[in-house]
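Participant: Make a model of this:
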Amino acid sequence: MGNTKLIFSNKLKNTYRNMSSEEPPAKKKKTGWEDHKLNVSEAIMKADEGKHFTDIASSEISILQGIGPKSEHLLTAMYITTVTDLASYKYFLIARSIVALAETETDFRPSGSTMNIDKAVDKAYESKKLSEIVESPVEALEGLSENAGRILGELGVKTVRDLANLKYCRWAEGVVTAAKYENTMTEKERKQERLLNRLST
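Facilitator: Below you'll find the model as predicted:
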């Protein structure tokens, strides 16, 4: 009987010791944006989904879903290393502008019109309609090297339209634009700001 009591007592002690050594689950730190629902989960790597747009914009391009080592190597060869670099890639912006403006084009050019994009395209394409340039090879863009064209080709970009629609560039541009309108203050800083605003009114 004495042994039974001793065993039972030891079990209780071990149970108590285990309970006291277990750390309580860590409380999630409040951000102040718990009621917000927006996200870009299909564009950003899972480990980075909760970051500020400003942090994503300054991150390496590998933060974007789908840009693996090969794509990263190809883009780095074009001096594109960050999301901001990708968003501001000169030839993407030119291509996107041409595609957007092509949607407004008609078959009629006003007499005496001086409109042109001669500094954006090679000489052979200067007299063409926007709708024709859109379907032309990316090499039609002035200054885009043969090597850059080859690299873009490996990313699935063959035409000016393809470049304008390259999802990585569009995602990057969206992130960089969104970052300009993001509130990056901590919850404590925002509370202080609200308090100061109330006191000043």
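
Participant: In contact with the residue nearest the centre of the chain, which residues?
Facilitator: Residue closest to the average C-alpha location in the chain (CA atoms, centre = their mean): residue 172, at 3.7 Å. Shown in contact with residue 172 (CB atoms under 8 Å, 6 or more residues apart in numbering): 57, 61, 64, 83-84, 86-87. Backbone N, C-alpha and C define where each C-beta goes, glycine included.

Participant: would you list these in a markdown table and tack on pLDDT?
Facilitator: Shown next, in a markdown table, are the contacts of residue 172 (pLDDT from 0 to 100):
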| residue | pLDDT |
| --- | --- |
| 57 | 97 |
| 61 | 97 |
| 64 | 97 |
| 83 | 97 |
| 84 | 98 |
| 86 | 97 |
| 87 | 97 |
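
Participant: got TSV for these, with distance to residue 176 and neighbour count too?
Facilitator: Listed next are the contacts of residue 172 as TSV, based on distance: CB to CB, whole Å; neighbours: other CB atoms under 10 Å:
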residue	distance to residue 176	neighbour count
57	5	23
61	12	19
64	12	24
83	7	28
84	6	19
86	9	25
87	4	22
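
Participant: what's the closest of those to residue 166?
Facilitator: When the contacts of residue 172 are ranked by distance to residue 166 (CB to CB), residue 86 comes first, at 9.1 Å.

Participant: contacting residues for residue 119?
Facilitator: With CB under 8 Å, 6+ apart, residue 119 has these contacts: residue 142.

Participant: what's the distance between it and residue 89?
Facilitator: Distance, residue 119 to residue 89, using CB to CB, to the nearest Å: 17 Å.

Participant: got it, and residue 108?
Facilitator: Taken as CB to CB, the span from residue 108 to residue 89 is 33 Å.

Participant: Next secondary structure after the worst-scoring helix or strand of the chain on mean pLDDT?
Facilitator: Counting by mean pLDDT, DSSP states H and E, the chain has its least confident helix or strand at helix 2-21, which shows a mean of 54. Using DSSP states H and E, the helix or strand that directly follows helix 2-21 along the chain is helix 53-57.

Participant: Give me the contact list for that following helix.
Facilitator: Residues contacting helix 53-57 (CB under 8 Å, 6+ apart): 44, 48, 63, 82-84, 87, 172, 175-176, 178-179, 182, 184.

Participant: Done for today, thanks.
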